[in-house]
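[1] Mind folding the following:
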Amino acid sequence: MAYVKPGVSVRQVQTTVSPNLTEPGLKACIIGKGCYAVEPVDGILVYSSADLTTEKKYNNAADTTVYLDTKHGVLDSESVYVDILSSAGSWYHLSASDYSVDAINATITINSGIGTSLNNGVIAAGYQATLSGLENEYFDVESLSEYDFGKISSYNPLAFGLQQAITNAGSIVGAYAVAADTTGEHNTALEALELQEVYALAPMTHQNVHSAYASHVTLQSAADVKKERIVFLNPKWDWFESDGQTTTDGALDVDTNKTGTATGLAARAFSVGNRRVFYVNPDTVYVEETRPLYTTKQSFIKRTFSIVESYGLYAKFITPWTYKPGTVNEVKYRKGDNITDAAWAHLMDNTYGYPEQTITVLVPAPAYYLCAGLAGMVSGQEPQQGFTNLPVAGSFSQLKYSGDYLSEAQLNVLAGGGNWIMWQPNLASSIVTRHQQSTDVSSVEKRELSITKSLDFASKFIRDGVSPYIGRYNITPTFLNMIRTIITGQGTYLRREGYINDLKVDKVEQDTVSQDTILVTLSISVQYPVNYIKITLQF
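    This next block holds a predicted model:
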């Protein structure tokens with residue numbers, strides 16, 4: 001044996017296991033009616049036969065039937081509108097009496113004799129159909145270009161909601177396309193989502209499905225189900241008299257009282273009392289969109305946002321426009337004026353109307369699109385990031401029935417019951433969260449979204465780290481020490497990355513009753529948001 005100088009030798013033998021530090025995702029999931037939408041300016045052809053091979057043009061001498069490419073979905077007959085290019089090179093807007101629609105065969109029949117200048121003119125149609133192949137399905141979306149939604153607009157709920165979510169998430173967003181906006185379809189969606197790993201749900205609906213979603217996120221977050229979840233809901237407002245209990249016909253009802261309405265809505269949220277349920281208010285937001293003239297009519301907007309008529313809301317001009325300038329019938333429209341039915345008729349006037357096929361306007365839309373943006377923010381921001389005073393990105397322009405309608409005191413009443421209020425300091429400002437609170441205001445810990453997110457993130461992270469060791473080892477002192485080491489390492493990582501303030505392992509031991517079970521007790525310290533700064537001026 002070769003000589004070795006006297007000394008100390010050290011041999012390294014690994015007896016511990018490095019913890020799994022793969023971070024879980026808090027994925028947003030948008031649930032809504034899936035549509036394929038077409039606008040006349042999209043250049044989608046109309047055809048002479050069902051095989052969609054030959055373009056069809058208008059024949060003034062006989063009724064003209066054209067076939068639409070609905071992507072094999074079901075045509076929504078009420079969504080159809082038509083323009084025809086005249087020989088003068090301008091677009092002629094047809095009225096509803098100029099054509100009929102066959103939804104089953106996806107055809108439009110245009111009456112003859114509308115105008116000789118339209119003979120052999122190009123026909124451009126706008127319409128919507130169901131989203132073929134994706135109805136009642138869950139799928140992941142990284143970019144809207146991956147799927148053919150057609151026009152992304154506020155009258156296309158799933159697509160527009162996904163756009164707001166992706167804008168705020170900057171990552172993959174989950175989607176579930178309901179075939180119709182009904183309570184039954186949403187219940188089917190919730191059953192399907194039990195199989196998916198998603199976190200922040202945002203249903204694009206004003207249907208009364210809130211209790212179903214509240215039950216879903218509660219059950220899925222149970223320890224034995226292992227799928228922590230939250231939901232952003234945008235309930236349609238009830239309007240109350242001064243007693244806060246008697247409902248009225250809406251915002252325009254002379255009996256409607258602002259303080260009573262805030263009180264009634266506060267009581268509604270308080271009755272939910274669930275830290276995983278967030279009631280986002282108000283129920284109306286304006287979005288800026290460039291749309292075909294036809295779609296700016298209140299009755300068309302009502303198809304997506306059914307309460308605009310009862311609220312007395314219209315699309316709004318964002319730039320001035322004058323009808324029949326320099327004549328005795330001149331009408332001037334200013335920025336912010338409503339596009340009433342009379343104004344819409346002026347825009348659509350084929351002789352003196354708006355010269356373009358499309359116009360950029362503010363459109364009243366359901367504020368569940370804000371829920372989609374917030375769900376995207378959950379995915380895009382750090383778990384410990386608070387949302388109070390944090391702007392939401394997207395197509396949003398103005399709020400309705402927030403600080404523009406309720407006073408500071410009335411907003412406080414509304415928030416006091418557990419309502420999440422979106423707020424806009426002025427029209428030039430971004431829309432922000434007034435306070436990131438759940439419907440459970442019983443404690444700071446249950447009220448604040450950022451605390452719930454942090455705890456859920458830590459739960460998923462720790463569970464993912466120790467799950468690979470289930471069933472592969474026996475319970476021995478060595479294994480118990482290994483589990484303690486793993487969780488301690490995970491806690492160090494969570495603390496170092498700023499997700500929590502601290503995590504301590506209090507206990508790791510074998511259950512004396514169910515001896516194939518290990519009991520672990522952890523003490524976790526979360527980060528609290530800065531909600532109040534109280535200053536005393538002494539002089």
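[2] is it true that residue 273 touches residue 442?
    Yes - with contact defined as C-beta atoms under 8 Å, residue 273 reaches residue 442; the gap is 7.2 Å. Just so you know, the C-beta spots here come from the backbone N, C-alpha and C atoms, and that holds for glycine as well.
[3] Looking at the two now, which is surrounded by more residues?
    residue 273 (16 against 12; other C-beta atoms under 10 Å).
[4] Excluding sequence neighbours, find me the nearest residue to that one.
    With C-beta to C-beta, 6 or more residues apart in numbering as the criterion, residue 273 has its nearest non-adjacent residue at 4.9 Å, and that residue is residue 440.
[5] What's the local residue count around that neighbour?
    19.
[6] again, but for residue 162
    Residues lying near residue 162 (other C-beta under 10 Å) number 29.
[7] Got phi/psi on it?
    Dihedral angles of residue 162 (phi, psi; degrees, to the nearest 10) stand at phi -60, psi -40.
[8] That one against residue 175, yeah?
    Yes - using C-beta under 8 Å, residue 162 makes contact with residue 175 at a distance of 5.8 Å.
[9] Show the contacting residues for the closest residue in space to residue 56 that isn't next to it in sequence.
    Residue nearest to residue 56 in three dimensions, not counting chain neighbours: residue 48, with 4.0 Å by C-beta to C-beta, 6+ apart. Shown in contact with residue 48 (C-beta atoms under 8 Å, 6 or more residues apart in numbering): 54, 55, 56, 66, 67.
[10] For residue 417, see how far away residue 353 is.
    Separation of residue 353 from residue 417 (C-beta to C-beta, to the nearest Å): 47 Å.
[11] What pLDDT is listed against residue 20?
    Residue 20 is assigned 66 on the pLDDT scale.
[12] low-scoring stretches of the protein, by residue?
    Within the chain, the stretches with pLDDT under 70 are 1, 13-21.
[13] Quickly list the domain ranges of it.
    Domain ranges of the chain: 40-129, 151-282+367-447, 285-366, per automatic domain parsing.
[14] Strands along the stretch 101-250 of the chain, start to end?
    107-110, 123-130, 137-141, 173-178, 200-203, 230-233 (DSSP state E, counting those that start in this stretch).
[15] before we move on, what about the stretch 301-450 of the chain?
    Using DSSP E, counting those that start in this stretch, strands in the stretch 301-450 of the chain cover 316-317, 321-323, 331-333, 358-366, 396-400, 419-423, 432-433.
[16] hey, which of those strands is tucked in deepest?
    When the strands of the stretch 301-450 of the chain are scored by mean count of other C-beta atoms under 10 Å, the highest mean neighbour count falls to strand 419-423 (a mean of 24).
[17] From the contact counts, what lies against that one?
    If you count contacts as 3 or more C-beta pairs under 8 Å, 6 or more residues apart in numbering; DSSP states H and E, strand 419-423 packs onto helix 258-272, strand 277-281, helix 408-416, strand 432-433.
[18] among these, which is nearest residue 461?
    Relative to residue 461, the nearest member of the helices and strands packed on strand 419-423 by C-beta to C-beta is strand 277-281, separated by 22.5 Å.
[19] Specify the angle between that closest one and strand 419-423 in degrees.
    Strand 277-281 and strand 419-423 are oriented at 40 degrees to each other (axes from the mean of the first three to the mean of the last three C-alpha atoms, to 10 degrees).
[20] partner strands of strand 277-281, parallel or antiparallel?
    Applying DSSP bridges to the sheet, strand 277-281 is found paired with strand 230-233 (parallel), strand 419-423 (parallel).
[21] what does it contact?
    Under the contact criterion C-beta under 8 Å, 6+ apart, strand 277-281 has outside partners 210, 213-214, 217, 230-235, 237, 265, 268-269, 272, 367-368, 370-371, 374, 402, 414, 418-422, 437-440, 449.
[22] Could you pull up the residues touching the residue nearest the centre of the chain?
    The residue lying closest to the centre of the chain (C-alpha atoms, centre = their mean) is residue 372, at 2.0 Å. Residue 372 is in contact with 28, 30, 160, 161, 162, 164, 165, 202, 204, 232, counting by C-beta under 8 Å, 6+ apart.
[23] Give me the distance between it and residue 349.
    For residue 372, the distance to residue 349 equals 36 Å [C-beta to C-beta].
[24] one step back: for residue 317, find the nearest of the strands of the stretch 101-250 of the chain.
    Closest approach to residue 317 among the strands of the stretch 101-250 of the chain (C-beta to C-beta): strand 123-130, 20.8 Å.
[25] So which elements touch the helix or strand hosting residue 463?
    Element membership of residue 463, judged by DSSP states H and E, is helix 449-466. Judged by 3+ C-beta pairs under 8 Å, 6+ apart, the packing partners of helix 449-466 are strand 230-233, helix 444-447, helix 477-496, strand 518-525.
[26] buried residues in that helix?
    Judged by neighbour count (16 or more other C-beta atoms under 10 Å), helix 449-466 contains these buried residues: 449-462, 464-466.
[27] Same question for stretch 422-437.
    Of the residues in stretch 422-437, 422, 423, 424, 431, 432, 433, 434, 435, 436, 437 count as buried by neighbour count, 16+ other C-beta under 10 Å.
[28] Check stretch 118-136 too.
    Buried residues in stretch 118-136, counted by 16+ other C-beta under 10 Å: 118-119, 121-131, 134-135.
[29] thinking again about what came up before, nearest to residue 88, of the strands of the stretch 301-450 of the chain?
    strand 358-366 (19.1 Å).
[30] Contacts for that closest one next, please.
    Outside strand 358-366, the residues within contact range by C-beta under 8 Å, 6+ apart are 39, 41, 154, 204, 206, 234, 283-293, 296, 301, 304-305, 308, 311, 313-319, 339, 347, 397-398, 400.
[31] What pairs with that strand, parallel or antiparallel?
    Strand 358-366 has the following strand partners under DSSP bridges: strand 284-292 (antiparallel), strand 316-317 (antiparallel).
[32] could those strands go into a markdown table alongside distance to residue 503?
    Formatted as a markdown table, those follow (distance: least, C-beta to C-beta, whole Å):
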| stretch | distance to residue 503 |
| --- | --- |
| strand 284-292 | 39 |
| strand 316-317 | 51 |
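[33] Nearest to residue 112, out of those strands?
    strand 284-292 (24.0 Å).
[34] tell me the angle of the closest one relative to strand 396-400?
    140 degrees.
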